[in-house]
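Peer 1: after the sequence you'll find the predicted model.
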Amino acid sequence: MNNKMNTQAIPTEAEVVARVEALMGRMSLEEKVGQLTQIAGAPFFPGPEPAEVIRQGGAGSVLWLNDTQQFNVLQKIAVEESPSKIPLLFALDVIHGYRTIFPVPLAMASSWDPSVAERAQTVAAREARAAGLHWTFGPMLDIARDARWGRIVEGAGEDPVLGAAMAAAQVRGFQGPSLGTPEHVVACAKHFAGYGAADGGRDYDPVYLPESRLRNVYFPPFQAAVKAGVGTFMSAYMDLNDVPASGNRFLLSDVLRGEWGFKGFVVSDAMAVGNLVIEGFARDGRDAALRALSAGLDMDMASGTYPQYLAGLVEDGTLKLADIETAVRRILAIKVRMGLFEQPYTDEAKLAQVVALPEHCQEARLAAQRSMVLLRNEGRLLPLSNSLTNVAVIGPLADSMEATEGSWMVFGHTPAAVTVLEGIRARLPGVKVKYAPGPEICRDIPSLFDEMMPGSNEKAVQTPEQAEAAFQEAIATAHTADVIVMVLGENANMAGEAASRASLDLPGRQEELLKAVVALGKPVVLVLLNGRPLSINWAAENVPAILEAWEPGSEGGHAIADILFGDVNPGGKLPVTFPRKASHAPLYYARDLSHQPEDSPMYRSRYWDGPTTPLYPFGYGLSYTTFSISNLKASASQVKLGGSVTVTADVTNTGSVAGDEVVQLYIHQKAGRDSRPMRELKGFERLTLQPGEVKTVPFSLGPTELGYWSTNAGKWVQDAEAFDIWVGADSLATLHVELAVTR
Ligand code: GLC
């Protein structure tokens, strides 16, 4: 995709500072507080009339508005009528596409190809900016190791190395080479930090993480975003070790600015400043405003706490004006860099031109193809023959545009995906592809967002009689077919925010339907549309072919057909562990060894009622071809502290069709100042190999990869110890060498 850039000059650092100071010099205290205030533009959100607040200089940014014409109306008020004529930042959650929808971030992480994420967010930024948006609340960088947590769908899974690679790629995609690049937006690293470790996987619940876990696992994606130049951060909702992230000086000042040198600004999550009172941290709104601002939180998202209290806190001497002004400068600097003063308005004809670009659909289809993971293919049932004449597509998600586009749709977006049914029908022109949805699925407790957003995707619930009739109709339809494609999983609103689950089973009667269809004795392919790992234990043993398609976006149906019929050889790998049961969560591969490791003769499953090994391990995924990984070598068997070695392995396509393999390198430090995880991913590369082709893949291991933040030492260390090194196709890799780090 050619990334044509306009020649609009991006101001130098000195010019930014000079222009910010000139603005500061003419702003009242109220206007300065206004810049720290983000207001809701959505009709569903109660609050003062946005236009009037803006006219008074009481807002610096607007969110939850998705209307180009209205953007220009409000911007005109800001730029022509407000006291200091400062343009607004318009912001929205553009998480995996604006109008062209890409696979959900967890799916893009399954590609193990950062360029997929970068290209996707480049397209998303181009469409969002054309619509008049300046700032997206993405990428979401929360490490997630508990599949019950609904927001696992929005991130890059359980691993800090894969997560960091995806973080940097998404920042580059959203922002371009630097802030202010035309056709790009400001990115926002969220939710800082530790949100994915909520007790019980229950969204918003408290998080307890020791500093070593924070620094070795949860921080790296955020650090990568800072290194990539991310313009903003968003503080998380929850208490972290009893201190809410939005009032957490350790996070927002000591680490983010003191250690990492972050120069942008921090916005709270929605209402999170006001929530400090609800969370039992702040005594009242005034206390909340004081403690959030003092902790390093620059902008209040929609709670109204800053505009209500900050000016008074300065006037009575509790807060220094300088503290307010530091935050204002950070926000004004972003507005200057983004060229908002030169170009505050949006050409209302631009979006239609941009969303029609054919390469956007092509990019979405490619991203979906590269994101899918082949979990099973017994008897090489896949790829299916192109000469099939009698196919049935069964399941409640088979023709669901919502489930295909997935969670976190842009506010006001109407799903328009190519469904699995449409993709298969397009692939088999002239063939009567039969379809039956079977019983509907829906949440037991409705989503709060379905109630708030227009066009709720929660269907009316069928009566048991209607569900049974649909069940029987699906069986009858399957009965008449030669091959059945089952499309099962979760609705779009079953993952995402406020969408945690106590179970990881297929919702509703889906598994019952799957069993009944398999019992017909015909070839069955299972396509999963879902936003989290699912405990498909029965399917894993009884369904010959299983494709994890996640929530693949606008072109999902075509991409799935491309894979099912062999135009594309799947090469994705799991970025999260699939547990056998929800009760095993949190379950992840990078765990410390116990005194009874799984390879010890004493080992018994930790639970007496079943195995605790994962259903599918981190990094797992199959192909239509086969690969061998061999000849593992290290450039030296010893390396001094601070030194580096190169590890190489040969990858061969031993099959008969071209395909992609993701080669993964894992380490284990065998002793040290602290115990270290039994395996840690420290390198990966996805490569394409023709049949018979061999490639040698190099990895570098140095102090960054071999060091860690130590609980015992209270700092970053590297130990002179022995290491296991494995290279393979998933986290169970067996090809092994040793490495000794010496003084
Ligand atoms: C939501 C989410 C956050 C989102 C914000 C604005 O509650 O937690 O991810 O960016 O509010 O929509």
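Peer 2: Noted; the coordinates are in hand.

Peer 1: from now on I want contacts and neighbour counts done on CA atoms only, so please keep to that.
Peer 2: Will do.

Peer 1: excluding residues flanking it in the chain, which one is nearest the residue of the stretch 201-350 of the chain found nearest the ligand?
Peer 2: Residue nearest to the ligand within the stretch 201-350 of the chain: residue 270 (4.6 Å; CA to the nearest ligand atom). Counting by CA to CA, 6 or more residues apart in numbering, residue 301 is the residue found nearest to residue 270 once chain neighbours are left out, at 5.1 Å.

Peer 1: so what's the one you found bridging to?
Peer 2: Using DSSP bridges, the bridge partners assigned to residue 301 are residue 38.

Peer 1: enumerate every residue touching it.
Peer 2: Going by CA atoms under 8 Å, 6 or more residues apart in numbering, residue 301 touches 37-39, 267-273.

Peer 1: so how far is residue 367 from residue 548?
Peer 2: 14 Å (CA to CA, to the nearest Å).

Peer 1: how close does the residue nearest to residue 573 when sequence neighbours are not counted get to the ligand?
Peer 2: Nearest residue to residue 573, sequence neighbours excluded (CA to CA, 6+ apart): residue 621, at 4.5 Å. Separation of residue 621 from the ligand (CA to the nearest ligand atom, to the nearest Å) stands at 29 Å.

Peer 1: can you report phi and psi for residue 621?
Peer 2: Main-chain dihedrals, residue 621, degrees, to the nearest 10: phi 180, psi 140.

Peer 1: correct me, but it touches residue 569?
Peer 2: No: the pair residue 621 and residue 569 does not pass the contact test of CA atoms under 8 Å, sitting 11.6 Å apart.

Peer 1: burial measure for residue 502, as a count.
Peer 2: Using other CA atoms under 10 Å, residue 502 has 15 other residues around it.

Peer 1: ok, now which ones touch the nearest residue to it once chain neighbours are set aside?
Peer 2: Distance criterion CA to CA, 6+ apart; nearest residue to residue 502, sequence neighbours excluded, is residue 148 at 6.1 Å. Counting by CA under 8 Å, 6+ apart, residue 148 makes contact with 200-202, 500-504, 532, 582, 585.

Peer 1: list buried residues within those residues.
Peer 2: 200-202, 500-501, 504, 532, 582, 585 (16 or more other CA atoms under 10 Å).

Peer 1: from residue 152, how far off is the residue of the stretch 401-550 of the chain at minimum distance from the ligand?
Peer 2: Distance from the ligand to each residue of the stretch 401-550 of the chain (CA to the nearest ligand atom) is smallest for residue 497, at 6.7 Å. Residue 497 sits at a distance of 9 Å from residue 152 (criterion: CA to CA).

Peer 1: repeat that for residue 90.
Peer 2: Residue 90 is 26 Å from residue 152, by CA to CA.

Peer 1: looking at those two, which is more packed in?
Peer 2: Between residue 90 and residue 152, counted using other CA under 10 Å, the more crowded position is residue 152 (31 against 24).

Peer 1: pLDDT weak spots in the chain?
Peer 2: 1-8, 453-460 (pLDDT under 70).

Peer 1: cutoff 50 now
Peer 2: 1-7 (pLDDT under 50).

Peer 1: just the contacts of residue 148: which are in strands?
Peer 2: Judged by DSSP state E, the subset of the contacts of residue 148 located in strands is empty.

Peer 1: quick check: the farthest pair among those?
Peer 2: 200 and 532 (15.0 Å; CA to CA).

Peer 1: which residue is most remote from the mean position of the chain?
Peer 2: Distance from the C-alpha centroid of the chain, by CA atoms, centre = their mean, peaks at residue 316 (43.1 Å).

Peer 1: quick check on it: phi, psi?
Peer 2: When read as degrees, to the nearest 10, the backbone of residue 316 gives phi -90, psi 10.

Peer 1: residue 490 versus the closest residue to the ligand within the stretch 551-700 of the chain, what's the distance?
Peer 2: Residue nearest to the ligand within the stretch 551-700 of the chain: residue 551 (18.1 Å; CA to the nearest ligand atom). With distances taken as CA to CA, residue 551 is found 9 Å from residue 490.

Peer 1: would you mind naming what in the chain lies close to the ligand?
Peer 2: When proximity is defined as CA under 6 Å from any ligand atom, the chain approaches the ligand at 93, 137, 269-270.

Peer 1: output these in CSV; the columns should cover secondary structure, neighbour count and distance to residue 423.
Peer 2: Formatted as CSV, the residues of the chain next to the ligand follow (DSSP: H, G, I helix; E, B strand; the rest coil; neighbours: other CA atoms under 10 Å; distance: CA to CA, whole Å):
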residue, secondary structure, neighbour count, distance to residue 423
93, coil, 20, 28
137, coil, 22, 31
269, coil, 25, 38
270, coil, 19, 38
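
Peer 1: closest to residue 711 among the residues you listed?
Peer 2: Among the residues of the chain next to the ligand, and counting by CA to CA, the member closest to residue 711 is residue 269, at 30.0 Å.

Peer 1: and the helices in the stretch 251-400 of the chain?
Peer 2: 272-278, 285-295, 305-315, 321-337, 350-355, 358-371 (DSSP state H, counting those that start in this stretch).

Peer 1: reformat the ones you listed as JSON lines; add mean neighbour count and distance to residue 231.
Peer 2: Shown next, in JSON lines, are the helices of the stretch 251-400 of the chain (neighbours: other CA atoms under 10 Å; distance: least, CA to CA, whole Å):
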{"stretch": "helix 272-278", "mean neighbour count": "24", "distance to residue 231": "20"}
{"stretch": "helix 285-295", "mean neighbour count": "22", "distance to residue 231": "18"}
{"stretch": "helix 305-315", "mean neighbour count": "19", "distance to residue 231": "21"}
{"stretch": "helix 321-337", "mean neighbour count": "20", "distance to residue 231": "7"}
{"stretch": "helix 350-355", "mean neighbour count": "16", "distance to residue 231": "24"}
{"stretch": "helix 358-371", "mean neighbour count": "22", "distance to residue 231": "25"}
